[in-house]
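K.L.:
have a look at this fold, sequence not included:
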């Protein structure tokens with residue numbers, strides 16, 4: 001196949017591209033605007049492949065997107081390009097509306113017009129795979145609320161109730177994708193994933209921020225008491241799930257992708273401290289004996305969701321996919337990568 005991937009220089013997009021190049025014979029066309037979170041260094045190991053092509057393109061530019069479809073004639077689209085940091089969406093929501101909503105609309109229109117003109121065989125095989133987030137569902141009861149709270153999970157049928165400008169923009173894009181299927185027949189797939197972590201994640205996110213601050217002897221800021229619960233998914237597991245769904249998922253379906261790792265934020269941070277203490281003890285100049293001394297609780301974020309938790313039964317039962325990494329194995333791999341690649345973090 002020829003697969004058009006938007007946002008392929010970002011954290012998840014680059015993992016998907018590396019996975020496809022290493023595990024298939026498919027051709028990848030990477031579209032990325034190269035904003036602050038896009039980094040071609042993420043793709044250095046595959047950039048010489050004759051099955052990889054890069055185009056610096058803004059998905060909000062309809063003429064350029066139309067030309068990409070015309071020039072490359074893709075068999076499938078994997079749409080990952082998005083603004084994704086909640087804090088940034090609170091401070092400046094406009095970019096999230098532009099990229100996540102207008103950009104998705106622009107891409108859908110180009111894909112629809114291209115797909116409608118394919119021959120019947122290629123038309124039937126075409127897929128538009130939209131990659132979204134579990135944050136569109138809002139949040140779930142916290143175990144401190146009642147003893148049955150842990151039984152509540154996000155399912156594919158959970159009503160949307162986004163809390164932030166980011167999650168609202170992603171919910172909007174999900175609705176657009178479903179509308180283009182219902183109205184025009186465009187063959188779509190939607191996936192909603194839990195929190196990703198792993199190598200090449202931009203250092204504004206929780207796990208890389210904590211690792212890098214600790215290594216530098218800087219405070220490790222934790223919102224509130226740190227009792228917010230997230231389900232953590234190793235990014236390479238996510239990449240394999242996305243490719244599995246592209247190949248074998250049923251058009252029109254939604255699949256939730258989770259890591260089966262519900263953990264409080266404070267427990268994540270303390271685990272990072274403990275593993276770093278073992279692998280790279282603090283510099284004596286930091287005047288601390290243990291990295292945990294760097295943890296600093298700050299005022300909680302506005303509208304902060306208390307708990308996310310994915311039910312991933314559907315993808316496991318229908319597509320025989322489940323994550324390979326436990327949180328313990330994945331976080332150790334992640335910490336080792338950041339220790340060894342501090343130069344990448346300075347780019």
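P.N.:
On my side now, so go ahead. Being a predicted model, the structure only gives us computed values, none of them experimental. Numbering: from 1, shown residues only.

K.L.:
all helices for the stretch 101-250 of the chain, in order.
P.N.:
Here the stretch 101-250 of the chain has its helices, by DSSP state H, counting those that start in this stretch, at 104-116, 120-125, 165-184, 206-215, 235-248.

K.L.:
ok now the third one, how far from the chain's centre?
P.N.:
Centroid separation for helix 165-184 versus its chain: 17 Å, with Cα atoms, centre = their mean, to the nearest Å.

K.L.:
for the host helix or strand of residue 22, name the packing helices and strands.
P.N.:
Residue 22 is part of helix 11-23 when elements are defined by DSSP states H and E. Using 3 or more Cβ pairs under 8 Å, 6 or more residues apart in numbering; DSSP states H and E, the elements in contact with helix 11-23 are strand 2-6, strand 27-32, helix 235-248. Bear in mind the C-beta positions are built from the backbone N, C-alpha and C, glycine included.

K.L.:
in TSV, list those along with mean pLDDT, distance to residue 182 and mean neighbour count.
P.N.:
Compiled in TSV, the helices and strands packed on helix 11-23 are given as follows (pLDDT from 0 to 100; distance: least, Cβ to Cβ, whole Å; neighbours: other Cβ atoms under 10 Å):
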stretch	mean pLDDT	distance to residue 182	mean neighbour count
strand 2-6	98	22	24
strand 27-32	98	26	25
helix 235-248	98	20	21
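
K.L.:
what pLDDT does the closest residue in space to residue 208 that isn't next to it in sequence get?
P.N.:
Leaving aside its sequence neighbours, residue 208 sits nearest to residue 201 (Cβ to Cβ, 6 or more residues apart in numbering; 4.9 Å). Looking at residue 201, its pLDDT stands at 95.

K.L.:
what comes up buried for the strand or helix carrying residue 329?
P.N.:
Applying DSSP H and E as the criterion places residue 329 in helix 327-340. Within helix 327-340, the residues that count as buried by 16 or more other Cβ atoms under 10 Å are 327, 330-332, 334-335, 337-338.

K.L.:
kindly report the same for stretch 201-214.
P.N.:
Within stretch 201-214, the residues that qualify as buried are 201-202, 205-214, counting by 16+ other Cβ under 10 Å.

K.L.:
now do that stretch: everything it contacts.
P.N.:
The contact list for stretch 201-214 (Cβ atoms under 8 Å, 6 or more residues apart in numbering) reads 10-11, 36-37, 39, 85, 87-88, 197, 219-221, 235, 265, 268-269, 272-273, 276, 282, 291, 294, 331, 334-335, 338-339, 342, 345.

K.L.:
do the same with stretch 118-126
P.N.:
Here stretch 118-126 makes contact (Cβ under 8 Å, 6+ apart) with 75-76, 115-116, 187.

K.L.:
identify the residues contacting residue 104.
P.N.:
With contacts taken as Cβ under 8 Å, 6+ apart, residue 104 has the following neighbours: 59, 79, 130, 172-173, 176-177.

K.L.:
can you check residue 245 too?
P.N.:
Neighbouring residues of residue 245 by Cβ under 8 Å, 6+ apart: 129, 189, 191, 255, 315, 319, 321.

K.L.:
where does pLDDT dip in the stretch 101-250 of the chain?
P.N.:
Residues of the stretch 101-250 of the chain meeting the criterion pLDDT under 70: 149-150.

K.L.:
still on that earlier bit, would you turn the contacts of residue 104 into JSON lines with distance to residue 139 and neighbour count?
P.N.:
Compiled in JSON lines, the contacts of residue 104 are given as follows (distance: Cβ to Cβ, whole Å; neighbours: other Cβ atoms under 10 Å):
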{"residue": "59", "distance to residue 139": "29", "neighbour count": "26"}
{"residue": "79", "distance to residue 139": "25", "neighbour count": "26"}
{"residue": "130", "distance to residue 139": "22", "neighbour count": "27"}
{"residue": "172", "distance to residue 139": "18", "neighbour count": "20"}
{"residue": "173", "distance to residue 139": "20", "neighbour count": "26"}
{"residue": "176", "distance to residue 139": "23", "neighbour count": "19"}
{"residue": "177", "distance to residue 139": "23", "neighbour count": "25"}
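
K.L.:
got a markdown table for these, with distance to residue 260 too?
P.N.:
Formatted as a markdown table, the contacts of residue 104 follow (distance: Cβ to Cβ, whole Å):
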| residue | distance to residue 260 |
| --- | --- |
| 59 | 32 |
| 79 | 26 |
| 130 | 23 |
| 172 | 29 |
| 173 | 26 |
| 176 | 30 |
| 177 | 26 |
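
K.L.:
nearest to residue 1, of those?
P.N.:
The shortest approach to residue 1 among those belongs to residue 79, at 15.5 Å (Cβ to Cβ).

K.L.:
just the pLDDT for the closest one.
P.N.:
Listed pLDDT for residue 79 reads 98.
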